[in-house]
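Visitor: For reference, the sequence and a predicted model appear below.
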Amino acid sequence: MKRILPAILIVLPLVVVSVFAGASSPKKGPLSEETKACLECHRTISPGIFRDWEKGRHAWMTPAEGLKVGKVGRRISSETIPGHLKGTVVGCAECHTLNPDKHKDTFEHNGYKVHTVVTPADCAVCHSKETQQFGQNIMSRAYGNLKSNPLYSGLADLINGLKTYRDNGLVHLPADPTTNADSCYHCHGTLIEVKGKQTRETDMGTMDFPILTGWPNQGVGRVNPDGSLGSCAACHTRHSFSLEMARKPHTCSQCHKGPDVPAAKVYSVSKHGNIFSALGKEWNYKNVPWKVGKDFTAPTCAVCHVSQLVNDEGEVIVERTHRMNDRLSWRLFGLIYAHPHPKSADTSLIRNKSGQPLPTDLSGEPATAFLIDQKEQDKRRQTMGKVCLSCHSQNWVKGHFQRLDHTIKTTNQLTLTATQLMQVAWEKGSAKGPAQKDSPFNEPLEKKWVEQWLFYANSTRYASAMMGADYGVFANGRWYLNKNIEEMAERLKQPVR
Amino acid sequence: MKRILPAILIVLPLVVVSVFAGASSPKKGPLSEETKACLECHRTISPGIFRDWEKGRHAWMTPAEGLKVGKVGRRISSETIPGHLKGTVVGCAECHTLNPDKHKDTFEHNGYKVHTVVTPADCAVCHSKETQQFGQNIMSRAYGNLKSNPLYSGLADLINGLKTYRDNGLVHLPADPTTNADSCYHCHGTLIEVKGKQTRETDMGTMDFPILTGWPNQGVGRVNPDGSLGSCAACHTRHSFSLEMARKPHTCSQCHKGPDVPAAKVYSVSKHGNIFSALGKEWNYKNVPWKVGKDFTAPTCAVCHVSQLVNDEGEVIVERTHRMNDRLSWRLFGLIYAHPHPKSADTSLIRNKSGQPLPTDLSGEPATAFLIDQKEQDKRRQTMGKVCLSCHSQNWVKGHFQRLDHTIKTTNQLTLTATQLMQVAWEKGSAKGPAQKDSPFNEPLEKKWVEQWLFYANSTRYASAMMGADYGVFANGRWYLNKNIEEMAERLKQPVR
Amino acid sequence: MKRILPAILIVLPLVVVSVFAGASSPKKGPLSEETKACLECHRTISPGIFRDWEKGRHAWMTPAEGLKVGKVGRRISSETIPGHLKGTVVGCAECHTLNPDKHKDTFEHNGYKVHTVVTPADCAVCHSKETQQFGQNIMSRAYGNLKSNPLYSGLADLINGLKTYRDNGLVHLPADPTTNADSCYHCHGTLIEVKGKQTRETDMGTMDFPILTGWPNQGVGRVNPDGSLGSCAACHTRHSFSLEMARKPHTCSQCHKGPDVPAAKVYSVSKHGNIFSALGKEWNYKNVPWKVGKDFTAPTCAVCHVSQLVNDEGEVIVERTHRMNDRLSWRLFGLIYAHPHPKSADTSLIRNKSGQPLPTDLSGEPATAFLIDQKEQDKRRQTMGKVCLSCHSQNWVKGHFQRLDHTIKTTNQLTLTATQLMQVAWEKGSAKGPAQKDSPFNEPLEKKWVEQWLFYANSTRYASAMMGADYGVFANGRWYLNKNIEEMAERLKQPVR
């Protein structure tokens, strides 16, 4: 007995440590020869990338193993995986040397054909369903939807361009690509093109690399050298591709915190956000399927908008979707009014009754032909409702959405009033508008009008939709919605100069 | 020996896992027959509610057990609990079927008399002392204090109402109850009344439910169908009622983050907030009593304003209070000046010297009869001081409060100056004020005046009180306090239109 | 066998608990007699301080033990430690009674010569290298750099002073020291001087204490009673001096969150900030040396700007520095333009070509003699680049910095345009400027000009440097940079009053 206990005392801590260190000491899986070659240098040169990748599932689970998981818990949505990729884990080479001919940024690198920019087309090998859904996601077109819309890109140009002072007046210089990439297109995604080659001295000798425009970028609507659209890494951060991270609200807040789309700010003052912040540390963000109540007790962004959810019995409550508006009947983001979601992810196709590339007329009339109909709106609301009902009664959910619908109506009205004031200003000559062949966005009064719908109406609607009222009153909402209109009206009374 | 060690290796991980999984695999306690009946369906229909409740103490500890805990650690403040509630845990039925006759929202539900809206009167069965204190808390009257004060509700109406454009001018339409509920009254609380009955198809067949106005809502000053005031769930989030959550600052930030009461923003740049954010993950938020230094090393909101605190020897430093201003000598929230706290939670009773429903005159003179006196102010500061002294020297604490008092004085002066400018504007006709039977809040210049006291003076005082100076300079404080006055003065020089 | 297993089951949980409770149940080390005397009372009087200190390394590791640690992992940078301090842990007396004659705030306290304000000169006993670097850190001079620069202190005075209304106009009253200490100098640091003695009744009887000006304060550039500059406690929070806290971004956000230096806000919407917020809970913030990839997978503020980093092999990637701009080629903080970093930490010495105490002329021309040259700029960028390259390719890093350099150029241009408008205003008499012997900062138009460079240009540059574009567009960046210029131009068209 005396000899046994000391032995236990030595063994025990080891066991304990090995159990709990499990999370951080990564598991191992079979590497391809190509990935081994990559790691030979990059393990040392890029320790941050290597260790990050090592922590992710890609580093230890082969696609073959992934395919064995039962349907509802499976992370691979492709039915089949090419044979040569099945038996090794997903390492450097598996993504960065895939289909080299399709990638215009492919270059010779130590005997391998490597491309820098991994794209949704690469991810689709294993995650075909998500990629396909993402292709229908308005976000995947974020580059073109901004760039190819003359009104929106005109607004962006006024934001990103320069103003110089000359001859007693301001001169506007158009925005250059570098500034665009540092501003709107950081989130929207840049156009990545190969513009020649450069030779560089490296720690491993002289090497050639492609010169890429718009690089670096991981915007959600990036236009890739292989012609594909988007970047999965916008949300699924390289190189661990942690599900936990994608499911936490910080990921979305990278692009959805500003006054135009203040989802993160609203969430932070909502009851849901409070629960997440206070107790979320104890939740499980890794389980697939993701079980309401057991794995988490309040929604993150992903819960309501993206994730597959199951109930206590493992029955699916809602299906996973990467077409982010599948559960949204309204597009709260006013352009210039909140409106039913566009049918196509390519919103540059939309024309309103007046022929403008806007989903509504300046009067608020929706461009119906391009937007989902009432039936589809109802269906999407019902899908979202299923998420709500996991924790709320029918009465609660109904009451909530009635309130949101009302807020959409009133904020649209407050946008209309501001627009009417703006139209008077254009008529009276207090500002120069489209009729005078001038931008509707470049004068101080016009900027107040933009803030009315882009900042204050949007903020108020987000605050309503996500129950973060504190943001929707004095922080950036109704106080300003009303004050701004009064200031516009006051300015209109000033004599025309 | 060989046969023993392998056995240990099997048993060990189990022990370890069971010790550490304790937090998430809930304990069990005896359920009432009624609660069992509820759970029969709702366990499946409402997995989020069920699992959340299951994680809380209510789900496994009976009131009888709770009463056995020694005074300083007891969570039940009622001396006695009705016999039929003592022996089972606090489940669905214990709260939702309590005193059915008093609740006007009681309805027949599968043979039970259930009410939707659980109220402070329900919670008072076990938590009588907290409920009684909360009744004296100005927050419990947040609905009436806003609604019944013509000046405040007039301001709210201007924020929540609509503006339409007609006949070359703006027309103000009064705020409707739905918008109010989505805005100010989300935090202040709504008036919940029963307006008939609705019949609905459910998964369990056709059922009747009451129709409630102002629902959903969990505002701190909600007016309940049983006539009681407030909602404990505003801070003690349903259905786990986690003490940890109530003690963390995210709970308070639901309603105290906007520029009018920016406590959460100030905290986030304070040394206290930094310590919490960086190291708070290792603190104990569940212990009762709560031990300074041992359980936590910097204050959250609850530490300074609510919680019972004990020192290393277990001696009480400050008593728990749910009358939130027990430790506050000044009300920093300027209406329009910072002032000694009101005596009564019902602030709609207050009249200043000029007969206005304000705690101070427009000149800054306090409505003394309705406010606590110097002696009470000193007593409250001394109570707060005891909290500070756990970590700071007498010198430090004295210096801090001298600085705060000075900032109250100077920000009140900057409110006075803005008010004097406003009064000149009303006299000169640059704006229409009370003398012209017009709202003092509806014109652009008047809105600047409102921002002076409601946003900038308040923000500066909060930054001082909670030592978050970064917020009080350029973020939303002194820079604007001074700039705003200069802009008001400049506007006054413009010709009257 | 039967008798052994139960014994194991008793021992096991104890072992487990003791392993895991290790973090919170502090280790012990030998205390000096003096510190024991302090603790006799203060353990009870100041439980928060006592317990906080007890959690830190100072409380259990003696300098003698600290010196034994190998170079790269050593936390003590002094080569030798005075003999009498070597063998006991760093307790109350070790810091608060050190070199009593040098501290003007030393007072007799129960037979000991104690000083309240522990200073960098005290910390230098063990941490000489860090203290010496910090002395070259521009932050250590934050008091004088503001106070002794007539332009900057004039701006501060306009922010912190009072405005009263008299004879139909505003009267500016200069800022008093108490307001200054509650505002700018909270972060910049106050001047702490001894102004006499006070006698006070305490729980331990009548005692004398020094009266200190500017107390409490822990600003980074505090002027201490021993003549030293700065406060280590600004970042290394008393009394646990947790490395984890200093390495987390919340520490920096105490002073770097406002619109003038919005590092914390930008970080929160950057990919780096997202990774930290989502996964940082699993990182190791305590290891010295700090290993990229293994200890953390994305940078906090300290990673890029302060900490010593090592790679997987333990080789140093960058050296630790407390001269915070060692890795920064540009000072993004525009005064009024972004410029190469000043050579000396004492920026009050700087004079531009026009003789103004500014690092650039109003035309943008840098005061070259006082700023680092291109070679030093290149060197600093290369140092920062080494941090980036741990996780990013050469191409990525190069692309990133090209973009930042471009943004520095364009935001400087937008500051120039605003400055030209301002100069026109001064010439035309729309505002009174330096030529009229008036402050360039006290009129509404001038305040718009200040916001152009202090808020919007700075914010845009921070958003670029730290890849938090969402903050740099609509939150506080380019939208306002352009709008503000247009509003300034519009105002200039108004008739001069």
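Guide: Yep, that arrived. Numbering: from 1, shown residues only, chains lettered A, B, ... in the order given.
Visitor: tell me which residues of stretch A:371-388 are tucked away?
Guide: Neighbour-count burial for stretch A:371-388, counted by 16 or more other C-beta atoms under 10 Å in any protein chain shown, picks out A:371, A:372, A:377, A:380, A:381, A:383, A:384, A:385, A:387, A:388. Where you see a C-beta, it was placed from the backbone N, CA and C, and this is true even at glycine.
Visitor: Reformat these as JSON lines; add pLDDT, secondary structure and distance to residue C:468.
Guide: Shown next, in JSON lines, are the buried residues of stretch A:371-388 (pLDDT from 0 to 100; DSSP: H, G, I helix; E, B strand; the rest coil; distance: C-beta to C-beta, whole Å):
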{"residue": "A:371", "pLDDT": "98", "secondary structure": "strand", "distance to residue C:468": "33"}
{"residue": "A:372", "pLDDT": "98", "secondary structure": "coil", "distance to residue C:468": "33"}
{"residue": "A:377", "pLDDT": "98", "secondary structure": "helix", "distance to residue C:468": "35"}
{"residue": "A:380", "pLDDT": "98", "secondary structure": "helix", "distance to residue C:468": "32"}
{"residue": "A:381", "pLDDT": "98", "secondary structure": "helix", "distance to residue C:468": "34"}
{"residue": "A:383", "pLDDT": "98", "secondary structure": "helix", "distance to residue C:468": "33"}
{"residue": "A:384", "pLDDT": "98", "secondary structure": "helix", "distance to residue C:468": "30"}
{"residue": "A:385", "pLDDT": "98", "secondary structure": "helix", "distance to residue C:468": "35"}
{"residue": "A:387", "pLDDT": "98", "secondary structure": "helix", "distance to residue C:468": "30"}
{"residue": "A:388", "pLDDT": "98", "secondary structure": "helix", "distance to residue C:468": "32"}
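Visitor: Output those residues in JSON lines, with distance to residue A:289 appended to each entry.
Guide: Converted to JSON lines, the buried residues of stretch A:371-388 look like this (distance: C-beta to C-beta, whole Å):
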{"residue": "A:371", "distance to residue A:289": "33"}
{"residue": "A:372", "distance to residue A:289": "28"}
{"residue": "A:377", "distance to residue A:289": "28"}
{"residue": "A:380", "distance to residue A:289": "22"}
{"residue": "A:381", "distance to residue A:289": "23"}
{"residue": "A:383", "distance to residue A:289": "17"}
{"residue": "A:384", "distance to residue A:289": "19"}
{"residue": "A:385", "distance to residue A:289": "20"}
{"residue": "A:387", "distance to residue A:289": "14"}
{"residue": "A:388", "distance to residue A:289": "19"}
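Visitor: would you turn those into JSON lines with distance to chain C?
Guide: Putting the buried residues of stretch A:371-388 into JSON lines (distance: C-beta to the nearest C-beta, whole Å) gives the following:
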{"residue": "A:371", "distance to chain C": "25"}
{"residue": "A:372", "distance to chain C": "27"}
{"residue": "A:377", "distance to chain C": "28"}
{"residue": "A:380", "distance to chain C": "26"}
{"residue": "A:381", "distance to chain C": "28"}
{"residue": "A:383", "distance to chain C": "26"}
{"residue": "A:384", "distance to chain C": "24"}
{"residue": "A:385", "distance to chain C": "28"}
{"residue": "A:387", "distance to chain C": "21"}
{"residue": "A:388", "distance to chain C": "25"}
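Visitor: Alpha carbons of stretch A:372-388, as PDB, please.
Guide: The C-alpha coordinates for stretch A:372-388 follow below in PDB (Å, rounded to 0.1, in the frame of the first residue of the first chain):
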ATOM      1  CA  ILE A 372     -38.600  38.700 -52.900                       C
ATOM      2  CA  ASP A 373     -42.400  38.600 -52.700                       C
ATOM      3  CA  GLN A 374     -44.600  38.500 -49.600                       C
ATOM      4  CA  LYS A 375     -44.800  34.700 -49.700                       C
ATOM      5  CA  GLU A 376     -41.000  34.400 -49.600                       C
ATOM      6  CA  GLN A 377     -40.900  37.000 -46.900                       C
ATOM      7  CA  ASP A 378     -43.300  35.100 -44.800                       C
ATOM      8  CA  LYS A 379     -41.400  31.900 -45.300                       C
ATOM      9  CA  ARG A 380     -38.100  33.500 -44.200                       C
ATOM     10  CA  ARG A 381     -39.700  35.000 -41.100                       C
ATOM     11  CA  GLN A 382     -41.100  31.600 -40.200                       C
ATOM     12  CA  THR A 383     -37.700  30.100 -40.400                       C
ATOM     13  CA  MET A 384     -36.300  32.800 -38.100                       C
ATOM     14  CA  GLY A 385     -39.200  32.300 -35.800                       C
ATOM     15  CA  LYS A 386     -38.200  28.700 -35.300                       C
ATOM     16  CA  VAL A 387     -35.000  29.900 -33.800                       C
ATOM     17  CA  CYS A 388     -36.800  32.400 -31.500                       C
END
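Visitor: near chain B at all, whichever helix in chain A runs longest?
Guide: In chain A, assigned by DSSP state H, the helix with the most residues is helix A:394-428. Yes. Legend: contact between helix A:394-428 and chain B by C-beta under 8 Å from any C-beta of the partner chain is shown at A:394-396, A:399-400, A:402-403, A:406-407, A:410, A:413-414, A:416-417, A:420-421, A:424.
Visitor: Tell me the buried residues within those.
Guide: Buried among those (16+ other C-beta under 10 Å): A:394-396, A:399-400, A:403, A:406-407, A:410, A:413-414, A:416-417, A:420-421, A:424.
Visitor: what's the closest of these to chain C?
Guide: residue A:421 (17.0 Å; C-beta to the nearest C-beta).
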